[in-house]
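Q: Whatever this is, show me its structure:
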Amino acid sequence: FSSLIFIHMTDPLIPQKLHKPHPAIDISNEITKLQRQAFNLMLAYARPTIEQNIFHELPTAELARELKTSNNQELKRKIESMQKILVRWDIFENNSLFHCSAQLVGEVHFNDSITQFWFSPGIRKIVINSKRYATLNLAIQKNFLSKHSQCLWEFCHEFIDTQSGSTGWKSIDEWRNFFGIDDNKYKRFKDFNNYVINLAVKELNGVSDIRIKVEYKRSGRSISEIRFLAKWKTKDDVKQINDAPKKIKIPAFREWFYNKPSLYRDLFDAKFEAKCDVDDPIERSRIYDEQIRIAMAEESPQMDMFER
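A: Below is the predicted model:
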């Protein structure tokens with residue numbers, strides 16, 4: 001990169017408002033919360049000059065601060081893994097429909113001081129040419145604990161200014177795919193509804209700038225389709241957003257766990273899945289919480305958490 005001219009920040013703050021094109025919202029459901037938030041921040045920083053400049057550079061410390069992480073190695077792994085995630089969209093040109101795809105992030109150069117990155121020509125094209133976008137307040141995304149809340153928040157912004165504010169009806173399988181739910185998880189609709197949909201709705205209504213409600217359509221005695229209705233919160237509601245996380249009581253052991261590096265959490269989950277043979281989701285949740293408490297008490301990632 002020595003022969004290239006980079007964009008250097010004069011203002012240390014990344015813009016907190018992002019006009020995000022719809023195709024950049026409807027991306028792979030395998031993306032994590034941190035990856036989605038990092039992409040938003042990088043796009044917000046690059047967007048004002050994305051037509052003139054290919055390469056962008058920002059302080060790693062600023063990106064880490066916005067993502068509320070102090071682990072640069074974890075941040076590096078997450079950003080590098082974004083190069084494997086595809087954005088897909090359709091365009092109609094010269095009387096033909098094209099199915100397009102591109103890397104979420106192109107080349108990345110990273111160290112503890114500077115993060116250098118560029119977006120592929122496809123991403124730059126949809127950012128520059130898109131006529132449909134959602135306006136996101138990136139200060140809000142810092143409040144989310146769940147990736148399901150993050151992606152639903154962005155998705156609802158696509159429809160919030162329409163007359164109905166509706167996402168439209170989608171089947172259960174379509175929503176499972178949207179949230180990135182593995183086929184082996186939450187097989188019963190009751191569990192999917194309780195642990196994914198209701199928790200995301202509760203978090204958005206508690207700490208975001210929008211208020212949503214979920215509606216269900218039945219086919220016989222079973223739920224067949226779901227949609228979400230979104231509307232902006234009032235000014236009084238928005239003023240209370242910064243206080244909202246304090247009102248949601250998060251147990252100390254869960255807050256401790258959320259603040260652990262993702263590698264630690266991934267290893268924890270893998271060990272839990274390997275050793276817990278309980279099928280009932282409520283009992284599994286209780287055991288899961290108990291193992292977090294044990295790990296917190298021991299404060300050692302090397303311990304065999306499931307031998308006690």
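Q: ranges for the helices of the stretch 1-150 of the chain?
A: Ranges of helices in the stretch 1-150 of the chain, per DSSP state H, counting those that start in this stretch, are 22-25, 33-46, 60-66, 72-81, 121-129, 138-141, 147-157.
Q: angle of the second one against helix 121-129?
A: Helix 33-46 and helix 121-129 are oriented at 60 degrees to each other (axes from the mean of the first three to the mean of the last three C-alpha atoms, to 10 degrees).
Q: again with the fourth one
A: Per the same axes, to 10 degrees, the angle that helix 72-81 makes with helix 121-129 is 90 degrees.
Q: tell me what helix 72-81 is packed against?
A: Where contact means 3 or more C-beta pairs under 8 Å, 6 or more residues apart in numbering; DSSP states H and E, helix 72-81 is packed against helix 33-46, helix 60-66, strand 108-110, helix 262-275. In this view, the C-beta of every residue, glycine as well, is placed from N, C-alpha and C.
Q: go with 7 Å
A: helix 33-46, helix 60-66, strand 108-110 (3 or more C-beta pairs under 7 Å, 6 or more residues apart in numbering; DSSP states H and E).
Q: go on, the second one?
A: Here helix 33-46 is seen to pack against strand 17-21, strand 55-59, helix 60-66, helix 72-81, helix 138-141, helix 147-157 when contacts are counted using 3+ C-beta pairs under 7 Å, 6+ apart.
Q: so of the ones you listed, which one's packed in deepest?
A: For the helices and strands packed on helix 33-46, the largest average neighbour count (mean count of other C-beta atoms under 10 Å) is found in helix 147-157, namely a mean of 23.
Q: Centre of the chain to that one, how far?
A: Averaging C-alpha positions (C-alpha atoms, centre = their mean, to the nearest Å) puts helix 147-157 7 Å from its chain's average.
Q: any idea how far Arg265 is from Asp161?
A: Distance, Asp161 to Arg265, using C-beta to C-beta, to the nearest Å: 36 Å.
Q: my guess is Leu41 meets Leu63, correct?
A: Yes - contact criterion C-beta atoms under 7 Å: Leu41 and Leu63 qualify, at 6.2 Å.
Q: anything in contact with each of those two?
A: Here Leu41 and Leu63 have no joint contacts, going by C-beta atoms under 7 Å, 6 or more residues apart in numbering.
Q: residue ranges with poor pLDDT in the stretch 151-300 of the chain?
A: By pLDDT under 70, the low-scoring segments of the stretch 151-300 of the chain are 236-251, 254-255, 258, 262, 279-282, 299-300.
Q: Go again with 80.
A: Across the stretch 151-300 of the chain, residues meeting the criterion (pLDDT under 80) sit at 235-267, 269-270, 272-274, 276-286, 288-289, 297-300.
Q: about what we covered before: wait, which of the helices and strands packed on helix 72-81 is closest to Ser149?
A: Closest to Ser149 of these is helix 33-46 (C-beta to C-beta; 8.2 Å).
Q: mind checking how far the closest one is from the chain centre?
A: Worked out by C-alpha atoms, centre = their mean, helix 33-46 lies 10 Å from the chain centre.
Q: try stretch 182-202
A: For stretch 182-202, the distance to the chain centre is 17 Å (C-alpha atoms, centre = their mean).
Q: Check which residues of that stretch are buried.
A: For stretch 182-202, a neighbour-count test (16 or more other C-beta atoms under 10 Å) marks Tyr186, Phe189, Asp191, Phe192, Asn193, Tyr195, Val196, Ile197, Ala200, Val201 as buried.
Q: Check which helix or strand the residue lying closest to the second one once chain neighbours are set aside maps to.
A: The one in question is Phe189. Counting by C-beta to C-beta, 6 or more residues apart in numbering, Phe189 lies nearest to Ile223, which is 5.8 Å off, once chain neighbours are set aside. Following DSSP states H and E, one finds Ile223 within strand 222-232.
Q: contacting residues around that strand?
A: Identification of contacts with strand 222-232 by C-beta under 7 Å, 6+ apart yields 156, 159-160, 165-172, 175, 189, 209-218.
Q: Please list the members of the residues you listed that lie in helices.
A: Mapping the contacts of strand 222-232 onto helices (DSSP state H) picks out Cys156, Ile172, Trp175, Phe189.
Q: And the buried ones among the contacts of strand 222-232, selectable in PyMOL?
A: Buried subset of the contacts of strand 222-232, written as a PyMOL selection, criterion 16+ other C-beta under 10 Å:
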select buried, resi 156+159+160+165+167+170+172+175+189+209+210+211+212+214
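Q: out of the contacts of strand 222-232, which are inside strands?
A: Lys170, Ser171, Ile210, Arg211, Ile212, Lys213, Val214, Glu215, Tyr216, Lys217, Arg218 (DSSP state E).
Q: Look up how far Asp183 lies from the residue nearest to Phe189.
A: Distance from Ile223 to Asp183, by C-beta to C-beta: 18 Å.
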